[in-house]
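Asker: Show me how the following folds:
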Amino acid sequence: MKLTLGLVVLGLATVLSNPVHESGTYKTVDHAFLEKQYKVLSLFKHINQPSYLEEHVKIYQTVQDPMQWLQLNKASFDKPEVVDAMMKFFHMDYMLAKGEIFSIAYEQHLEQAINLFKLFYYAKDFETFYHTAVVMGKYVNEGMFLYSMSVAVVHRQDCYGIILPSIYEVYPWYFFNTEVIQEAYKYKMMHEHSDSEEQHHHHHIVANYSGHYLNLHPEQSLSYYLEDIGVNSYFYYAHIHYPSWMDGEEFHIKNDKRGELWLTIYQSLVARYYMERLSHGKGQIPHFDWELPFEVPFYPSMQYPNGLTFPERPKFANLHDYFYQYGQHVNSKYAFSYSHVKDFERRLSDAIDSGVVWDLKQGKMMDIYENKHAVNNFGNLIQGNPDSPNMKFYNKYSMYATHLLGYSSTPLTWHKVAPSALEHTETVSRDPAFYMLMKKVLGFYHKFQNHMEPYHKKDLVFPGVTIEKVEMDRLITYFDQFESDISNVVYDSVDELKDDKFHVFATQERLNHKPFTYKIHVNSNQDTKAMVKVFLGPKYDEYGRYMNITENRWNFVPIDAFQWHLKSGQNIIKRSSQETEFYGRDRTTFQELYKKVMGAYKGQGEFHIDGEENYFYFPQRHMLPMGSYSGVPYQFYFMVHPYKAYEGQTEEMTYYYPRPGTGGGFSDDYPLFYPFDKPIKFGKMFVTEVPNSYFYETKVFHRNVDEAQVQQTHQH
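Answerer: The predicted structure is shown next:
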């Protein structure tokens, strides 16, 4: 656990000004918290099967009908109208049935999920929330329940600090190929009754990536990155913390600059993927046109819990006319995704060029550039969230664009859908089309920023502060083994569910890197508080051509950001890659988390709330791109700038981890991507005339795991 915790946006983390914790680095919890943590974990175990936990069964026995139960307990909710809404859904048979595929990309599914979330959120106390979750878990769709409950746990005040189990262990179907799922099924059938009832089964399955079998397109060589469960779950957890549908005012996240945050997430993900491509000699992420055949195919090699396969996109798919599908409802709004996407892009371009949008909340025209929060407002506009100036006019772009690119069939009814990988936050980043779409979205952001005045020298220089040199260890990546408990994927008998006897694990090779340290030598003529920012980006394109920072600024990824007190004279800032606030270690497995909680509950040790598992972090394993055996050149960018307190954060809002609503834990009042957040007119000035910044060129080397372990790191 680190000494400071921060907001992580793949990158952009920030440091809490006054973390509230015990023992300096974490919070030790009491018996009451442990009971809450245990109860939440119990709701996630074998989520696709009925629960046979004694406590759950007792609650079930008190419920004959969910509508009747809701009516009897209506007074236990802060907003009784959420109970009325849920009862109406049940009464009108407007709920997605159990066993069906759930996706927030479908309006009817999302509407139901939001109402279910509000039912959980507005429960007056934890016991009411827990009882409601147990009851609803028996009657509502499994995927919807998982989603709504997860969002509620993150945002309910009495659940702060509770750790959600790893989504890739709760719903393995969305993270592992069909080959792995089938092997788990086969092993379960072969060993279900072969041994005595006292025998506990533990089986390990080697999990490959789709590129192991298929090589249908050059992008498939990057399947180890595209299908990495840490990268995939990062985007899921980001959405759980900041859902696009969530009202910032109602749910107390208005201080978190969510629009700017999402633009930062998009920019960081696209830049990080581009660097991974460079490690394989590939160039820029391709641009695409909706009118032209889409070259990149996608074969997910995955199946849903009900046995349906994820839709595939063929090579050179015609996106603009795909809605002509035999036997489908061509009057469905999803059938005309192409038209909706084009409408949005035209409206957004008009807003950028004209500089104004109609602010529906204020009832007047708003200048999108003349505002301190212009970037945040623009991000809200693109995401189409409720904090947008005009959610109705600029809305649903992502929903229609992902439906179109995913090439999923237009559904006959919302009761029966087969969404593509792009229509789930858990799987969206597996498809190369996701990064191509995000690049298209960022194209509008680039266009927006080109209307803004670039930084001048006075905006970048920290008077009296100079970075004299940087030292850094040799950078080495390798693949090592990672284990995930995928027991939820098999269906257990009642005895196995009660006794937790049967376990299946997936063992997978994942990219990793050796820890490295850097030293920044800084000369200061004053004693002052400063911010240190570190970025990683390319220096040359795939042909070895130097890229000027004016065009290259979009390709940098945040590596670290932290406060530092500069003393007058020479300062040596030493920092380890393991101290960064931008990345998180692998999440604790469900079984390990459960054992720790129960052990502490029985007085056998302590249980510490660790902020790394309470927020969304990009996997630390992927801090560096893969590199190559001979080394791929990259460059680090270091900047030391004055500290300026974030105006949206108050002392009451601080917390020992950057939960939503605390102002995001922003480190200071500078833009998240400063100094790469505005156009750079004079690249030479940026490189040579800002003494408080420093570019450091190095290489990333890739080795096999044995070589990486024995090879000693050394200073360049």
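Asker: Please make it C-alpha for all contacts and neighbour counts, starting now.
Answerer: Noted.
Asker: measure the spatially most central residue of the chain to G211 for me?
Answerer: The centre of the chain sits closest to F235, judged by CA atoms, centre = their mean, with a distance of 2.3 Å. From F235 over to G211 the distance is 22 Å, taken as CA to CA, to the nearest Å.
Asker: now swap in M399 and tell me
Answerer: Look at M399 and G211: by CA to CA, they are 28 Å apart.
Asker: what residues go with each domain of the chain?
Answerer: With automatic domain parsing as the criterion, the domains of the chain are listed as 27-165, 213-449.
Asker: so what does the helix or strand the residue nearest to the centre of the chain falls within touch, helix or strand wise?
Answerer: Using DSSP states H and E, F235 sits within helix 229-241. Packing partners of helix 229-241 (3 or more CA pairs under 8 Å, 6 or more residues apart in numbering; DSSP states H and E): helix 142-155, helix 167-170, strand 618-619.
Asker: How far does it sit from its chain's centre?
Answerer: Centroid separation between helix 229-241 and its chain, computed with CA atoms, centre = their mean, to the nearest Å, is 3 Å.
Asker: heads up, I number from 22, so please use that
Answerer: Taking 22 as the first residue, the last one we looked at is helix 250-262.
Asker: ok, and what's touching it?
Answerer: 30, 168, 171-172, 175-176, 188-189, 196, 246-247, 446-451, 607, 636-640, 681 (CA atoms under 8 Å, 6 or more residues apart in numbering).
Asker: What is the subsequent helix or strand relative to it?
Answerer: helix 279-299.
Asker: who touches that following helix?
Answerer: If you take CA under 8 Å, 6+ apart as the criterion, helix 279-299 is touched by 30-33, 243, 263, 304-306, 396-402, 404, 456, 459-460, 463, 558-559, 562-563, 575-579, 646-648, 653, 693-694.
Asker: Now list the buried members of those.
Answerer: 30-33, 243, 263, 305-306, 396-402, 404, 456, 459-460, 463, 558-559, 562, 575-579, 646-648, 653, 693-694 (16 or more other CA atoms under 10 Å).
Asker: Please report the distance of the residue nearest to the centre of the chain from M267.
Answerer: The gap separating F256 from M267 is 16 Å, by CA to CA.
Asker: now T285
Answerer: 19 Å.
Asker: can you check H467 too?
Answerer: Distance, H467 to M267, using CA to CA: 26 Å.
Asker: wait, doesn't P186 sit right on T610?
Answerer: Yes: the pair P186 / T610 is scored as a contact, 7.3 Å apart, by CA atoms under 8 Å.
Asker: pLDDT weak spots in this protein?
Answerer: Scanning the chain for pLDDT under 70 picks out 22-49, 213-222, 342-353, 630-632, 669-677, 684-687, 729-737.
Asker: how about the helices of the stretch 422-571 of the chain, start to end?
Answerer: Ranges of helices in the stretch 422-571 of the chain, per DSSP state H, counting those that start in this stretch, are 453-470, 478-481, 515-520, 570-573.
Asker: residues in contact with the first one?
Answerer: Residues from elsewhere that reach helix 453-470, judged by CA under 8 Å, 6+ apart: 240, 247, 284, 287-288, 290-291, 294, 306-309, 317, 319, 369-370, 373, 403, 422-423, 426, 443, 449-450, 699-700.
Asker: Out of the helices and strands packed on helix 250-262, which is closest to N276?
Answerer: Closest to N276 of the helices and strands packed on helix 250-262 is helix 163-176 (CA to CA; 14.4 Å).
Asker: got the angle for that closest one vs helix 250-262?
Answerer: With axes from the mean of the first three to the mean of the last three CA atoms, to 10 degrees defining the directions, helix 163-176 sits at 70 degrees from helix 250-262.
Asker: Run through the neighbouring helices and strands of helix 163-176.
Answerer: helix 128-142, helix 147-160, helix 250-262.
Asker: Helix 128-142 and that helix, what's the angle between them?
Answerer: Helix 163-176 and helix 128-142 are oriented at 40 degrees to each other (the same axes, to 10 degrees).
Asker: which residues touch helix 163-176?
Answerer: Here helix 163-176 makes contact (CA under 8 Å, 6+ apart) with 65, 68-69, 119-120, 122-124, 130, 134-135, 137-139, 141-142, 154, 157-158, 180-181, 183, 185, 261-262, 272, 680-681.
Asker: what's the answer for stretch 51-64, then?
Answerer: Outside stretch 51-64, the residues that reach it (CA under 8 Å, 6+ apart) are 151, 154-155, 158, 180, 183-186, 615, 618-619, 621-622, 628.
Asker: which residues touch Y355?
Answerer: Contacts here follow CA under 8 Å, 6+ apart; on that basis Y355 touches Y421, H424, T431.
Asker: And N229, how far from I250?
Answerer: From N229 to I250 the distance is 12 Å (CA to CA).
Asker: whoops, I mixed them up, N236
Answerer: Distance, N236 to I250, by CA to CA: 20 Å.
Asker: Which one's more surrounded, the two?
Answerer: Legend: neighbour count by other CA atoms under 10 Å for N236 and I250, higher for I250 (26 against 12).
Asker: Look at I593 and give its secondary structure.
Answerer: For I593, the assignment made with DSSP: H, G, I helix; E, B strand; the rest coil gives strand.
Asker: ok, back up a step: when P186 and T610 are compared, which one has more neighbours?
Answerer: More crowded of P186 and T610, by other CA under 10 Å: P186, with 21 against 17.
Asker: For the more buried one, which non-adjacent residue is closest in space?
Answerer: Closest residue to P186 apart from its sequence neighbours, by CA to CA, 6 or more residues apart in numbering: F611 at 5.7 Å.
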